[in-house]
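Asker: fold the following, please.
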Amino acid sequence: MENYGTAPSSAEHPGIFRSEEMCLAQLFIQSEAAYNCVAELGELGLVQFRDLNPDVSAFQRKYVNEVRRCDEMERKLRYLEREIKKDQIPMLDTGENPDAPQPREMIDLEATFEKLENELREVNQNEETLKKNFSELTELKHILRKTQTFFEEHEDLVAESSLINEDDQEHTSSFDHTPLKLQLRFVAGVIQRERLPAFERLLWRACRGNVFLRQSDIDDVIQDAVTGESVNKTVFIIFFQGDQLKTKVKKICEGFRATLYPCPDTPQERREMSIGVMTRIEDLKTVLGQTQDHRHRVLVAASKNVRMWLTKVRKIKSIYHTLNLFNIDVTQKCLIAECWCPMAELDRIKMALKRGTEESGSQVPSILQRMETSEDPPTYHKSNKFTRGFQEIVDAYGMSTYREINPAPYTMITFPFLFAVMFGDMGHGTIMLLAGLFFILKEKQLEAARISDEIFTTFFNGRYVIFLMGAFSIYTGFIYNDLFSKSVNMFGSSWVNTYNYSSLHAMFDPQNGNEEKSWMIIPERGYLNDHGPYPFGVDPVWNLAESNKLTFLNSMKMKASVILGIAQMTFGIMLSLYNHRYFKSDLDIKFMFIPQMLFLASIFMYLCLQIIVKWLFFASTPSRVLGYDYPGSSCAPSLLIGLINMFMRKSGRETGFTGPQCYLNFWYPGQSFFEFIFLSVAVICVPVMLFAKPYLMWKEDQQRRGQGHAHLSWVELVLLVVAVVQIPIMLFAKPFFLKRRSKSHQRLINSHHDDQPATSYGHHESVRADINGDDVEVVQHHDESAKQNGGGHGGHGGHGDGPLDMGDVMVYQAIHTIEFVLGCVSHTASYLRLWALSLAHAQLSDVLWTMVFRHAFGFSGYLGPFVTYALFFVFFFLSLGILVLMEGLSAFLHALRLHWVEFQSKFYGGQGYAFAPFSFEKILAEERAAEEQL
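Answerer: Numbering: from 1, shown residues only. Now for the predicted structure:
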């Protein structure tokens, strides 16, 4: 699209038809009122701030410490939130939007969060310690029980040998030093059950079979104190002999993370230790329960306010982030900001600044001053929940250039209509309409549910688009007379059966040797001219036609697709006229819009006119059409071949409807002449679009540059004369005046006392110094003036944009012209997808009816209702999955392509950037969406 430059300030086509008029404003806010003013602007959400400190890193800005404090508070709140979710405590979220707290409230919030975090961490640490002790005591309890069983089984062995328990303190029982007795030692502990086989194999191999291992599974599930996961463990006891084996056994236990516990030697000691362990376990259960209750109470109290606290902290953080974009004046008492804002909302913005100043208690009001700028403003379209879906469809292609025509209002009608042309079916459209209506009626409940599924969110956000697509599909379904591939005879068909039943039965009776075959209703006898055509849509009799149904529907839908496509392209070019007029681009109107309209009218509008005339005047019966005798449908003109002959200027074509190829003849008076004129106009428009605008831009640039050079030549001549005159002045003027002054001074000396000449001489020297000083000042003045004049001339010579680059202009214009000329052909062919997808949808629907649901009517008796019931559900879900969802998605994508490429390319630039205001609502919504994705 053209580079329109700066938009005029007039508010033509306000509201949704063009983006909002924006202005660049400068804010002067007192330091003590800055926080409250920014908070009010954040609640308003109509101001986009610019960064006035782009070269300053984030760590060197004024409010970086406040931002860090907010980050720390947010971290603490996220820690509280994780702990609350871990305990499955519901968090109270009323949807309340509290005001941003005052800066002095940050200290109270920090103290509250610090207290909560410390208390919770202390409780968690104590709970973890208690759980660890409880787990160890539980394991020791099982060890004492299991080892008692081991020792009872090996009582004979204990009687013959002295058993020594090896623990961390390495206390060893005394044995008789009789060399015939064995000295066996043992260690007892627990190990995870899945590690036991490898542990046993390594013990056997490392100790070479010189150890004796006994094991027993713990029936209770033990909870890991660190991870909180439930693990299965096994008690083991290992008997060995000697210090070397003791070292190996302990290292192996350590490597497999087995826990060793002390176990007494005698049954009495083991019994006493077991009683003590049980007592300690009961005490730990009591303390652990109290600790968990206290932790739960703390989390329940915090869960009531954590969402509100998060909202407050995020608002504070966003305010200080915004304040870091401001500049500080030299007095350190005022903050300066620059922002984009809508012109229509300036009064609301000023009121917000006033409220912020009053809340802060500042006596100096905040000032909002508009600034003049040549920078392109951001694009801001106001939208509501109905228009937002269509606006997002347009913005997905590219954000519109500032103040150009917004396609969204027209897309609200054309998009669902083109979709419906491809999807037209009353039944499928009703399903889609009901789905969209459900989302619309339940939108408040669904929004409150905060469903994070991406597919559901996509359908929900486009609920009004789905609703309109369903409504338009019902409308086009009435036109196609298509209801789940069946037709409805609402107004009575205009065709009658010309064959009676007895003759048809005799013709198709297999006993007479007649095979079944197709018979055609003769239009001259079967069509009721008095009844007229079917009042609305396609006559239902075509649903019964098996041989030429597709031929008729294809011809109708293909021609309708061409008409709709050329109509939409023409409308797009008409919208470009509004852009050219708004941006006061006369060259684009004269040498782009007019040639484009002439080119499109000479070929493609002419084709549409031929289609309409053929529909109106050419019937199946002989008649007189446009001054010629028309014999019948066999001589109806072929429009496609006729268009090709128009371009090829094929000679030798007859006039009227005579000859064997009457459908190729000229079929209206003067057709050859008019087609020559149309083709000539189209051919002439191409070089006009290609060369006219670049030539006039070049000519205007040459005239502007020529005028500038003419002024420059006069200036140079004057400066040259002045320079030449200055040479004798610099050469003779000063010596001449000095000589006169010297003579005057000599006469003054002769008439005064001897002490006066020194004073006069000193005065003379001072005068010379003053003169030199004046000369310096004059030189400096002239240098400065010359520098200013040079800068001004340079700016004038460039006109703000520099010299015209003719190469770039020609390349751009050539691309634009070729794209338009070839695009008219390719885009017209692209609109045939309306016919192709409509045909595919109808055929798929017919196949699904024929192959699935029609079989239900072949069953009779008691089985019929059950088969019909079952096949209906199969037919319904296949229709929903294939024809509504898959075909609907396909039609949606094709309608999207037609709007982005074929329609919007005629007038839409899409080179702007979106207006991104500072808004608490938007910031909180983004934070909530980020949380839901985690």
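
Asker: neighbours of Ile451, how many?
Answerer: 12 (other CB atoms under 10 Å). Where C-beta positions appear, they are placed from N, C-alpha and C, glycine not excepted.

Asker: okay, now the closest residue in space to it that isn't next to it in sequence: neighbour count?
Answerer: Leaving aside its chain neighbours, Ile451 sits nearest to Thr457 (6.9 Å; criterion: CB to CB, 6 or more residues apart in numbering). Counted with other CB under 10 Å, the neighbours of Thr457 add up to 14.

Asker: ditto for Leu848
Answerer: The local packing of Leu848 (other CB under 10 Å) involves 19 other residues.

Asker: the closest residue to it other than its chain neighbours and Arg78, how far apart?
Answerer: In space, and not counting its chain neighbours, Leu848 is closest to Leu878: 5.9 Å by CB to CB, 6+ apart. Distance of Leu878 to Arg78, given as CB to CB, to the nearest Å: 47 Å.

Asker: which one's more surrounded, the two?
Answerer: Leu878 (16 against 13).

Asker: chain center to the host helix or strand of Val287, what's the gap?
Answerer: Secondary structure from DSSP states H and E places Val287 in helix 267-303. Computed by CA atoms, centre = their mean, to the nearest Å, the chain-centroid distance of helix 267-303 equals 54 Å.

Asker: show me what the mean pLDDT comes to for the helix or strand just after that helix.
Answerer: Proceeding N to C from helix 267-303, the next assigned helix or strand is helix 306-323, under DSSP H and E. Mean per-residue pLDDT for helix 306-323: 94.

Asker: send over helix 306-323 as PDB, restricted to the C-alpha atoms.
Answerer: C-alpha atoms of helix 306-323 as PDB (Å, rounded to 0.1, in the frame of the first residue of the first chain):
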ATOM      1  CA  VAL A 306      -3.300 -14.200  49.000                       C
ATOM      2  CA  ARG A 307      -5.000 -13.400  45.700                       C
ATOM      3  CA  MET A 308      -5.800  -9.900  46.800                       C
ATOM      4  CA  TRP A 309      -2.200  -9.400  48.000                       C
ATOM      5  CA  LEU A 310      -0.800 -10.700  44.700                       C
ATOM      6  CA  THR A 311      -3.000  -8.100  42.900                       C
ATOM      7  CA  LYS A 312      -1.800  -5.300  45.100                       C
ATOM      8  CA  VAL A 313       1.900  -6.200  44.700                       C
ATOM      9  CA  ARG A 314       1.600  -6.600  40.900                       C
ATOM     10  CA  LYS A 315       0.000  -3.200  40.700                       C
ATOM     11  CA  ILE A 316       2.800  -1.600  42.800                       C
ATOM     12  CA  LYS A 317       5.400  -3.300  40.700                       C
ATOM     13  CA  SER A 318       3.900  -2.200  37.400                       C
ATOM     14  CA  ILE A 319       3.600   1.400  38.700                       C
ATOM     15  CA  TYR A 320       7.300   1.500  39.600                       C
ATOM     16  CA  HIS A 321       8.200  -0.100  36.300                       C
ATOM     17  CA  THR A 322       6.400   2.700  34.600                       C
ATOM     18  CA  LEU A 323       8.000   5.400  36.700                       C
END
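
Asker: tell me the angle it makes with helix 267-303.
Answerer: 60 degrees (axes from the mean of the first three to the mean of the last three CA atoms, to 10 degrees).

Asker: element containing Tyr402, please.
Answerer: Assignment of secondary structure by DSSP H and E places Tyr402 within no helix or strand.

Asker: I'd say it and Glu375 touch.
Answerer: No - using CB atoms under 8 Å, Tyr402 is not in contact with Glu375, being 10.1 Å away.

Asker: ok, Met343 - contacts?
Answerer: Going by CB atoms under 8 Å, 6 or more residues apart in numbering, Met343 touches 11, 20-23.

Asker: check Ile466 and give its pLDDT.
Answerer: Looking at Ile466, the pLDDT reads 96.

Asker: one step back: give me the buried subset of the contacts of Met343.
Answerer: Among the contacts of Met343, those classed as buried by 16 or more other CB atoms under 10 Å are 20-23.

Asker: and those residues, which of them are in strands?
Answerer: Counting by DSSP state E, the part of those found in strands is 22-23.

Asker: which of the buried ones among the contacts of Met343 sit farthest apart?
Answerer: With CB to CB as the measure, no two of those lie farther apart than Glu20 and Cys23, at 10.2 Å.

Asker: quick check: neighbours shared by those two?
Answerer: Joint contacts of Glu20 and Cys23 (CB under 8 Å, 6+ apart) are 342-343.

Asker: report the buried residues of the helix or strand harbouring the residue nearest to Ile451.
Answerer: Element membership for Thr457 (DSSP H and E) is helix 454-461. Neighbour counts using 16+ other CB under 10 Å place Phe460 of helix 454-461 among the buried residues.

Asker: what is the subsequent helix or strand relative to that helix?
Answerer: Scanning forward in sequence from helix 454-461 by DSSP H and E, the next helix or strand is helix 463-480.

Asker: what angle separates that following helix from helix 454-461?
Answerer: Going by the same axes, to 10 degrees, helix 463-480 makes 70 degrees with helix 454-461.

Asker: helix 463-480 - contacts with which helices or strands?
Answerer: helix 388-397, helix 408-423, helix 426-441 (3 or more CB pairs under 8 Å, 6 or more residues apart in numbering; DSSP states H and E).

Asker: any chance you could list what contacts that helix?
Answerer: In contact with helix 463-480 (CB under 8 Å, 6+ apart) are residues 385-386, 389-390, 393, 412, 415-417, 419-421, 423-437, 439-440, 443, 459, 483, 536-538, 553, 838, 842, 888, 892.

Asker: just the buried residues from the residues you listed, in ChimeraX please.
Answerer: Only the buried entries of the contacts of helix 463-480 go into this ChimeraX selection, using 16+ other CB under 10 Å:
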select :389,390,393,412,415,416,417,419,420,421,423,424,425,426,427,428,429,430,431,432,433,435,436,439,440,483,537,538,553,838,842,888,892
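
Asker: buried ones in stretch 828-838?
Answerer: Here stretch 828-838 shows 828, 830-831, 833-835, 837-838 as buried, counting by 16+ other CB under 10 Å.

Asker: in strands only, show me those residues.
Answerer: Short answer: the buried residues of stretch 828-838 have none in strands (DSSP E).

Asker: include distance to Gln48 and pLDDT when you put the residues you listed into a markdown table, please.
Answerer: As requested, the buried residues of stretch 828-838 are exported to a markdown table (distance: CB to CB, whole Å; pLDDT from 0 to 100):
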| residue | distance to Gln48 | pLDDT |
| --- | --- | --- |
| Thr828 | 42 | 92 |
| Ser830 | 38 | 94 |
| Tyr831 | 39 | 94 |
| Arg833 | 40 | 94 |
| Leu834 | 41 | 94 |
| Trp835 | 46 | 93 |
| Leu837 | 42 | 94 |
| Ser838 | 45 | 93 |
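
Asker: could I get those residues in CSV, plus columns for distance to Leu564?
Answerer: Output for the buried residues of stretch 828-838, formatted as CSV (distance: CB to CB, whole Å):
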residue, distance to Leu564
Thr828, 11
Ser830, 12
Tyr831, 7
Arg833, 11
Leu834, 6
Trp835, 10
Leu837, 13
Ser838, 11
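
Asker: with that, I have no additional questions.
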